[in-house]
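**Q** Build me a model from this:
(2 chains, ligands or ions: 2)
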Amino acid sequence: MEKIMEVRNLRKSFGKKEYETLVLKDVSLEISKGDFIAVMGPSGAGKTTLLNLLSTLDKPSSGQLILDGEDITKVDNKRLSAIRRDKIGFIFQDYNLLDGMTLQDNIALPLSLNGVKGKVVLEKVQKMADLFDLNAHLLKYPYQLSGGQKQRGASARALITEPKILFADEPTGALDSKSSKDLLKSFLSANEMGKATILMVTHDAYTASYAKQVYFLADGQIQCRLHQKGSPKEFYEEILNLLASMGGERA
Amino acid sequence: MSLWKMAASNFKRSMREYFALIVALAFAVFVFFNFQNMVYSESMKVLQNMRKDYIDTVIEAASIVFGIFVFFFIWYATNVFLNQRKKEIGIYTFLGLDNMKIGKLYAIEATCIALASVGLGIVTGIGFSKLFQMAVLKLSDISVNVEFSFSIPAILITAGLFFLFFGIMIGKGYVSIVRSSVRELLFSAREAEMKREHPFVKGGKIVLGVGILGSGYFCAMKTGGINSLQYALAAVILVIAGTYFLFSGVIPLLIRRLTKNKHFLYQKQRTLWVNQLSYRIKKNYRTYAMVTILMICSVTVLAMAIAMKSRYENVVHFRQTYTYQINSIDPLNEEEIAEGISQENEIVYDNKIPYLVLDEYGVVPYSAVKEAANRADLAFPYEELKEDEAIQLSHIIFLSLNLTQDESVRIGETQYQILNKDETAYLGTLQEQVDFYMINDTVYDNLKLNNTEWYLYNYKIKDATNAEASRPYLDTLVNEQDGMHRTGYSVALPENKEETWCKIFYALCIFMFATLILASASIIFMKLNNDAWADKEQYETLKKIGIAKTNLAKSIKWEICFAYYCPFVLMVITSWFSVKALGNVMKQNLIFVNIVSTAVIFALFTLICIESVHVFRKKVL
Ligand SMILES: Nc1ncnc2c1ncn2[C@@H]1O[C@H](COP(=O)(O)OP(=O)(O)OP(=O)(O)O)[C@@H](O)[C@H]1O
Ligand SMILES: [Mg+2]
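**A** Numbers count the residues shown, from 1 in each chain, chains lettered A, B, ... in the order given. Ligands and ions are numbered 1, 2, ... in the order given. Predicted coordinates for the structure are as follows:
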């Protein structure tokens, strides 16, 4: 499989000198095209921190981040912005759709602002709406949508530019189980259609069980990696067992 | 921490945020104080012999108009402030403060702003009072020595009025906070923006907006006839109402239409800023309407000032056309008189015109007027008159709008068709006393056979201030018999001090114009600052999802440009009509007022727009 991102000896600390807190000690991982990875770990383990580093929102203290053969720890802000625009998609826990426009325009935003022709944009918005089952809601404003619809909309907005990799921080964090399931199914089909490489952070074992790999982050390092082999149900059990054995959180 | 300390630290921390607000309010205080100061200050007492009572009335009237404006301005400013603070203040409820305490917190902070702006306004007002008075007098073309002086009553009145207004508004804000729930405090702004209107109401607004504005323009075009004043008044009211409905109906609709046309929308940065406009206009239309109306008013005030000034100058010019006018029933030797006057004064031009008095009218022959006009260098655009034609020689009355023009006049046995009403002083001030008609030479010669002819000798001297010097000589010409003047004279004195107030009025109008335009710009500026504050989070998201800063910067530029130039364009169109109406009423071509005011406002708006874009970008990017 084509390698998309390579992370080597990533280290991140906050503060200076005696106030310094080391959050990530030494993280290395590889992301290949078509991966669907979930990162789990206790609160304060540094999951959000790791995600921010991978998605270029923050800079590591040391280590390398190679995206598409380019070390993104060494490029200027302008290039970073271009990388974010062209190669990376984001989904936030609290959706972050713009209040002032319809769902359709929200989804179209990244493409239309980047000079893609209106006709093409409309076609792609339609595809995304099909994928995330949003056809009935395109003309609504965010305040008229449920949390689950908003999050699917945010996902559609993130995937419309066909990013190399999609990052999601607790995408189901604010959703009930039905909405979570709908969203995860959409993720899965996007992933299986070969369109999306996904890395998401989650607390929730059930959410994690949709992924193909699950990484456990604790004490500033990746402690353990699980790969899905059998059915999703077996994988879910496996994750729960591991969580129990690590004595950390429960599902 | 005590409430006071908390408020004080809040105030200090957000000083930068409120800076624009305080400066705008202080400016209003500054201007108002200086108006008052002019009424009460010692140095202005020298204007006593120039009808200071009149001047005071004018200033008081200006203060009242300005006071009303200030009231709305404070209302607006405190509202902006309240909305800005509501969300932040709402968070205090989580800290266990109850609404009363939060209301008090708001009141203390708002009072700080009131104190700061009134203090700043009065202190700078005192500091610049001499300069202000000098500027007004300079603009009024009055030379008086101004001493530095300020008056306690002016300070008290200014402070009293502003604190009263602030008091009312802060009280209103306090009540609104105490009454609202936490949810309202946190989300009020957002919910107001999303309220939907019934299609019926929407349609009504649109029809009303277009209809009212259209009839306003129609009325403006109808001025110039007999019912000019009524039409002009109707035009002003209709245009103001129409502008309001335009911003609440038609313009939102048009923008909404644009957001629905995806082929238009998904281009450049439009997805962002056109949507943003459409979203915001529901909340901001009052601001836009208010700013547009303010600007239309200020341009109209300016046009009025300039029209009055030029009318005043026309009156002066009319009266100064001839310095001496000798009126005699016996023919005199004009060269001899010229020589007599020349002993004291240099003559610029002179002429003579014979005339007849029939019934209550005076008549003059065409060719004599033409010759006289030629010698006095007055415009004379008339062709030879036919036997039944006449031209009315009238005069300018400063404050009267007599727009009627008779079609014809009966003088003696003959009915004349009046071709035109002319306000050139061919016969000098004599035209102010008798209605004169210029008629065909042959007709005049015939009339002369049965009527006594009078002779008018006119002289214009170089130095009008020395006019009195020739009086002794002119007195020797006077010939009085049996209580009737066979020969008499009149002298036009340099300037009529009675009408100085008109010049002060002009100066104040100019200041009013400047103030209102500055206020309009600062209102838009404040609104945009407020929006920037609300948009911060959204721009954070956009940056995160990789929208290039240059794209966001451009989108911001467009959005802000609309906020400044949409009211501007409407103002340009509407003020063209209102100034035209005024010009029709005042019988003047005021198109240059449109051009100058448009250029001035455009320049100012462009400067402030650039600054606005800069501030907005700094805040959100
Ligand atoms: N900007 C910062 N400055 C200082 N310390 C920070 C900063 N951001 C995060 N931290 C610290 O880094 C550690 C990891 O935080 P992070 O947000 O990555 O945790 P997390 O794994 O996402 O936790 P949760 O599951 O609760 O979201 C925490 O101890 C936090 O206090
Ligand atoms: Mg987190």
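**Q** Please see if the helix or strand hosting residue B:69 touches chain A.
**A** Assigned by DSSP states H and E, residue B:69 belongs to helix B:52-94. No - shown here: helix B:52-94 not in contact with chain A (Cβ under 8 Å from any Cβ of the partner chain), separated by at least 14.1 Å. All C-beta atoms are positioned from the backbone trio N, CA, C, and that covers glycine.
**Q** my guess is residue B:429 contacts residue B:493, does it?
**A** No - Residue B:429 lies out of contact with residue B:493 (Cβ atoms under 8 Å); the separation is 11.4 Å.
**Q** Can you name the residues of chain B that neighbour chain A?
**A** So chain B meets chain A at B:190, B:193-194, B:259, B:262-272, B:275-276, B:278-280, B:538, B:541-549, B:551, B:555 (Cβ under 8 Å from any Cβ).
**Q** Make a PyMOL selection of the buried ones in these.
**A** In PyMOL, this line selects whichever of those come out buried by 16 or more other Cβ atoms under 10 Å in any protein chain shown:
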select buried, chain B and resi 193+194+259+262+265+266+267+268+269+270+271+272+275+276+278+279+280+538+541+542+543+544+545+546+547+548+551+555
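**Q** Sitting in helices, which of the residues of chain B next to chain A do you find?
**A** Among those, the members found in helices (DSSP state H) are B:190, B:193-194, B:259, B:262-265, B:270-272, B:275-276, B:278-280, B:538, B:541-544, B:549, B:551, B:555.
**Q** any idea how far residue A:186 lies from residue A:118?
**A** 25 Å (Cβ to Cβ, to the nearest Å).
**Q** Sketch out the low-pLDDT regions of the stretch 151-251 of chain A for me.
**A** A:247-251 (pLDDT under 70).
**Q** all strands of it, in order?
**A** With DSSP state E, counting those that start in this stretch as the criterion, the stretch 151-251 of chain A has strands at A:165-169, A:198-201, A:213-218, A:221-227.
**Q** For the stretch 451-600 of chain B, give the residue positioned nearest to ligand 1.
**A** Relative to ligand 1, the nearest point of the stretch 451-600 of chain B is residue B:540 (15.0 Å; Cβ to the nearest ligand atom).
**Q** Can you name the residues that contact that residue?
**A** residue B:620 (Cβ atoms under 8 Å, 6 or more residues apart in numbering or on different chains).
**Q** And residue A:118, by the same measure?
**A** By Cβ under 8 Å, 6+ apart, the contact list for residue A:118 reads A:112, B:262-267.
**Q** buried set for stretch B:61-81?
**A** B:62-63, B:66-67, B:69-71, B:73-74, B:76-81.
**Q** Per-residue confidence at the residue nearest to the spatial centre of chain B, what does it come out as?
**A** When Cα atoms, centre = their mean is applied to chain B, the residue found nearest the centroid is residue B:301 (1.4 Å). At residue B:301, the pLDDT value in this model is 82.
**Q** which residues touch it?
**A** Residues in contact with residue B:301 (Cβ under 8 Å, 6+ apart) are B:509, B:512-513, B:516.
**Q** Then residue B:580?
**A** Residue B:580 touches B:220-221, B:223, B:590, counting by Cβ under 8 Å, 6+ apart.
**Q** Recalculate using a threshold of 7 Å.
**A** Residues in contact with residue B:580 (Cβ atoms under 7 Å, 6 or more residues apart in numbering or on different chains) are residue B:220.
**Q** before we move on, what SS does residue B:447 have?
**A** helix (DSSP: H, G, I helix; E, B strand; the rest coil).
**Q** For chain A, see how far away it is.
**A** With the distance defined as Cβ to the nearest Cβ, to the nearest Å, residue B:447 ends up 81 Å from chain A.
**Q** and the residue lying closest to that residue once chain neighbours are set aside, what helix or strand is that in?
**A** Sequence neighbours aside, residue B:356 is the residue nearest to residue B:447 in space, at 5.8 Å (criterion: Cβ to Cβ, 6 or more residues apart in numbering or on different chains). Assigned by DSSP H and E, residue B:356 belongs to strand B:347-358.
**Q** Dihedrals phi and psi, the closest residue to chain A within the stretch 501-621 of chain B?
**A** Using Cβ to the nearest Cβ, the closest approach of the stretch 501-621 of chain B to chain A is made by residue B:546 at 3.1 Å. When read as degrees, to the nearest 10, the backbone of residue B:546 gives phi 90, psi 20.
**Q** Show the contacting residues for it.
**A** So residue B:546 contacts A:81, A:84-85, A:88 (Cβ under 7 Å, 6+ apart).
**Q** Same check on residue A:113?
**A** With contact taken as Cβ under 7 Å, 6+ apart, residue A:113 is in contact with B:269, B:271-272, B:547, B:551.
**Q** on that earlier part again, relative to helix B:52-94, how tilted is the very next helix or strand once past the helix holding residue B:69?
**A** Later in the chain than helix B:52-94, the nearest helix or strand by DSSP H and E is helix B:99-127. If you take axes from the mean of the first three to the mean of the last three Cα atoms, to 10 degrees, helix B:99-127 sits at 150 degrees to helix B:52-94.
**Q** any idea how far the residue in the stretch 101-250 of chain A positioned nearest to ligand 1 is from residue B:38?
**A** Nearest to ligand 1 in the stretch 101-250 of chain A, going by Cβ to the nearest ligand atom, is residue A:203, at a distance of 6.1 Å. Separation of residue A:203 from residue B:38 (Cβ to Cβ): 71 Å.
**Q** Check residue B:339 too.
**A** Distance of residue B:339 to residue B:38, given as Cβ to Cβ: 49 Å.
**Q** When those two are compared, which one has more neighbours?
**A** For residue B:339 and residue B:38, the more surrounded residue by other Cβ atoms under 10 Å in any protein chain shown is residue B:38, and the numbers stand at 26 against 12.
**Q** So which residues on chain A come close to chain B?
**A** Within chain A, the positions near chain B by Cβ under 7 Å from any Cβ of the partner chain are A:57, A:81, A:84-85, A:88, A:90, A:96, A:98-101, A:105, A:108-110, A:112-113, A:118, A:121-122, A:143.
**Q** Selecting buried members of these in ChimeraX, what would you type?
**A** Buried subset of the residues of chain A next to chain B, written as a ChimeraX selection, criterion 16+ other Cβ under 10 Å:
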select /A:57,81,84,85,88,90,96,98,99,100,101,105,108,109,110,112,113,118,121,122
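**Q** ok, back up a step: for residue B:394, state which of the buried residues of stretch B:61-81 is nearest.
**A** Nearest to residue B:394 out of these is residue B:62 (Cβ to Cβ; 31.8 Å).
**Q** check contacts around that closest one.
**A** B:35, B:508, B:512.
**Q** Can you flag the buried ones in these?
**A** B:35, B:508, B:512.
**Q** Who's the closest spatial neighbour of the second one, skipping the chain neighbours?
**A** Taking Cβ to Cβ, 6+ apart, and ignoring the residues beside it in sequence, residue B:508 has residue B:62 as its nearest neighbour in space, at 4.9 Å.
**Q** what does the last one give?
**A** Nearest residue to residue B:512 in three dimensions, chain neighbours excluded: residue B:301, at 5.5 Å (Cβ to Cβ, 6+ apart).
**Q** Of the residues of chain A next to chain B, which belong to helices?
**A** Checking those against DSSP H, those in helices are A:81, A:84-85, A:105, A:108-110, A:112-113, A:118, A:121-122.
**Q** Of those residues, which are in range of ligand 1?
**A** Restricting those to those near ligand 1 by Cβ under 6 Å from any ligand atom leaves nothing, as none qualifies.
**Q** Check the secondary structure at residue B:410 for me.
**A** Put simply, residue B:410 is strand when judged by three-state DSSP.
**Q** hey, what's it bridged with?
**A** Taking DSSP bridges as the rule, residue B:410 bridges to residue B:415.
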